[in-house]
Each structure stands twice: as C-alpha cells, then as structure tokens.
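Participant: Okay, predicted coordinates and the sequence, questions at the end:
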Amino acid sequence: MELAVLVGAAAAGFALRSGLIFSDLPKLVSQRVEFSVPTNSWQRVLEGSFLYDSGVDPYSGDIFHETPLCLVLFAVLKKRISCFGIDLIFPVLDVVTAFLLFFFARNLVQDTIVSEQKAKEKHASGTSKLLVPFADIVTVPRMVLLWWVNTLYIVLF
C-alpha cells in the first residue's frame, strides 16, 4: 500500500510537470521577473551554450551564470537529445529527487530514533514526549515526498 501511494504521487507529479512543460505556461513564466532570474533562465542557458559552441566565452558578458560543468553538460545535451527529450529530463529529475528526499528523510528519522533510544536513560524524567515517535519513520518521509511533488514553485521550474 505504501509503495502504491508513493508511486502514485510520483506519477501524478511527473504528469503535472510534463503537462505544464508542454503548455503555454513556461512562456508566460519565463517572462516574469518573479520567476525567471539569470541563474535559472533556460533561455540564458541556451544562449550560453550557443556562445560556447561558437567559440565565444559565455562568461565575458552578463548572459550566462551557470558553472562551467553545467555549461559543458548542457552543450552536450543540446547536441545529443531532441528538444522533446530535454523537456522530459526535468520532470524525470524531479521524480528522482523526490524519491531521494524520501530515502534521506527516512534514514534521518531512523537515525534520530536510534540515537534517542540509546541516550534515553540520560534524558531527564518526563521528557519522553519530546522524543521522535516511531510512527514518524513512515509519516515524515511520505510528507517530504508529497510536499516535493506538489509544491507549485518547484512545479513551475
């Protein structure tokens, strides 16, 4: 049941992101200064990649603000993958990120519970209500995954 909920949430997040990518929303959002800044503008990445391919230093002006490793990565991706494929990379990476956050959150809660149980006898009396409950091993990672796939600000990028 738990796996079905997680896969369903990830699939819904992927479908939502894919649907938004192929709508008119990216054009509208990319023109808004609230969302599109030099460090996350896809248009600037394409311009920087074009300058790099043309032999012009993309860092000489104020167009490109990514790292050199990202510049090379985007230049290779642009040459080898179609525009449709590049558009699908971002939702796939968002789903992978959601599952990574899920596993990190689960490990963090488990480690916290284990360390609290080891040090339980050192705690003052009456502080057991402050300890992380065992139910959080399930609920916290699930909430992290659900938050990631449903956060609108993340969906817009």
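Facilitator: Here it is on my side, so go on. Residues are numbered from 1 along each chain as shown.
Participant: what's the neighbour count on the residue nearest to Glu2 when sequence neighbours are not counted?
Facilitator: Nearest non-adjacent residue to Glu2, counting by C-beta to C-beta, 6 or more residues apart in numbering: Val138, 7.1 Å away. Heads up, the C-betas are built off the backbone N, CA and C, glycines and all. Val138 has 12 neighbours, counted by other C-beta atoms under 10 Å.
Participant: Okay, and Val138 sits in which element?
Facilitator: Using DSSP states H and E, Val138 falls within helix 136-150.
Participant: One more: Val92?
Facilitator: Applying DSSP H and E as the criterion places Val92 in helix 83-118.
Participant: for that helix, packing partners?
Facilitator: Counting contacts by 3 or more C-beta pairs under 8 Å, 6 or more residues apart in numbering; DSSP states H and E, helix 83-118 is packed against helix 2-21, helix 68-80, helix 136-150.
Participant: Kindly recompute the last result at 10 Å.
Facilitator: Using 3 or more C-beta pairs under 10 Å, 6 or more residues apart in numbering; DSSP states H and E as the contact test, the elements touching helix 83-118 are helix 2-21, helix 42-53, helix 68-80, helix 136-150, helix 152-155.
Participant: and the fourth one with helix 83-118, angle?
Facilitator: What that stands for is helix 136-150. Angle of helix 136-150 versus helix 83-118, following axes from the mean of the first three to the mean of the last three C-alpha atoms, to 10 degrees, is 160 degrees.
Participant: Flag every buried residue along helix 136-150.
Facilitator: Residues of helix 136-150 classed as buried: 136-137, 140-142, 144-146, 148-149 (neighbour count, 16 or more other C-beta atoms under 10 Å).
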